[in-house]
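[1] Below are the sequence and a predicted model for it; my questions follow.
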Amino acid sequence: MNKNNMEIGIIGSGNIGSALAGHLTKLGHRVSIANSRGPESLTELASKTGAQAVTVETAASAKEIVIIAIPVRAMVHLPSHILSASTATVIDAGNYYPSRDGKIAEISNGKTDSEWVSKVIGHPVIKAFNNIVAQSLAEKTSPKESSNRIALSIAGDNNEQKRMVMKLIDEIGFDSIDGGSLSESWRQQPGEPAYCQDLDRDKLKIALQEADISNRAQNLAAADAMARPYF
C-alpha cells in the first residue's frame, strides 16, 4: 500500500465531507465522494475538489480509508455488507444530535455514538474530524511549525489505524492527539469542553481531561438545544 497515494472514499457531501475531499485530493490521494442523492448531484463538487463522484457503494469499497460524514440517523442505510467486509480504516466523522437523529436507546444508555455506528456497519471505526467546526476544517490549516496550530482528537481501539489517521491529519494541516479508546470518544463530542473550540494540542489535551462523564447527558442536551434551530 502506497500511503502517499491512498484510495479514499468519502460518504457524505456536506461541509465536512466536502472540505476533506478538497484537502485529500490536494495531497495526491485518489478520492471518491458519494451521497444519498447519487453521483449526478455531485458534479459541481467533483469539479471544485477534484474528487470523483461515485455511488455510496463505490465509496464504501475504497481500499485504504473510508470516511463517513453523514447524520447518525442515516447510518442504518449504509451498505453494511460492503463495509463489514472491508479491510480499510473506517473513520466516523459524525456527531449524535437527538433532535436531528432521533433518540437512540443504546447511546442514551451510555454507548458512544461511534460504538453504535461500529455495531451498525459491522466494522471497527476511528473517531476523527468531529470535534472541529466545518469552516475551521476547511480554512484553518497551517504548516507543522506554526504556533497555535489547531489540534484534532482521534479515538479508537486500533493503534496502528489511529497513527495512520493522525499522520493524515498532520499532512492536511492540523496537529492531532490520541483521545483514547472508542469508548472515550464522548470526550470530543457535542457539549464537551473539547468540542468545536479550535484548540491547540496542549489546550485540547486539557479539555479532554476536563470532560466529566457525570455531566455527559446534561452537556449533550444543552448542545442539542443550541443546535436544534439549524436542523
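    Yes, it's here.

[2] hey, what's Val90 bridged with?
    Listed beta-bridge partners, Val90: Val66 (assigned using DSSP bridges).

[3] Counting neighbours, what do you get for it?
    Residues lying near Val90 (other Cβ atoms under 10 Å) number 24. The C-beta positions use only the backbone N, C-alpha and C, and glycine is treated the same way.

[4] Look at it and report its pLDDT.
    Note for Val90: predicted pLDDT of 98.

[5] quick one: it from Pro143, how far?
    When Cβ to Cβ, to the nearest Å is the yardstick, Val90 and Pro143 sit 29 Å from each other.

[6] all strands of this structure, in order?
    7-11, 30-34, 52-53, 65-68, 89-92, 126-127, 151-154, 175-178 (DSSP state E).

[7] ok, now how distant is Thr112 from Asp198?
    Looking at Thr112 against Asp198, where the rule is Cβ to Cβ, the gap reads 23 Å.

[8] neighbour-wise, which of the two wins?
    In this view Thr112 and Asp198 are compared by other Cβ under 10 Å, and Thr112 has more residues nearby, 24 against 15.

[9] Now for Gln36: which residues touch it?
    Residue 36: Ser, not Gln. Contacts were defined as Cβ atoms under 8 Å, 6 or more residues apart in numbering; by that measure Ser36 touches Val56, Ile70, Ala74, His77.

[10] if you look at those, which of them are in helices?
    When helices are assigned by DSSP state H, the members of those inside them are Val56.

[11] just curious, which of the contacts of Ser36 is nearest to Glu139?
    Minimum distance to Glu139 across those is 22.0 Å, recorded for Ile70 (Cβ to Cβ).
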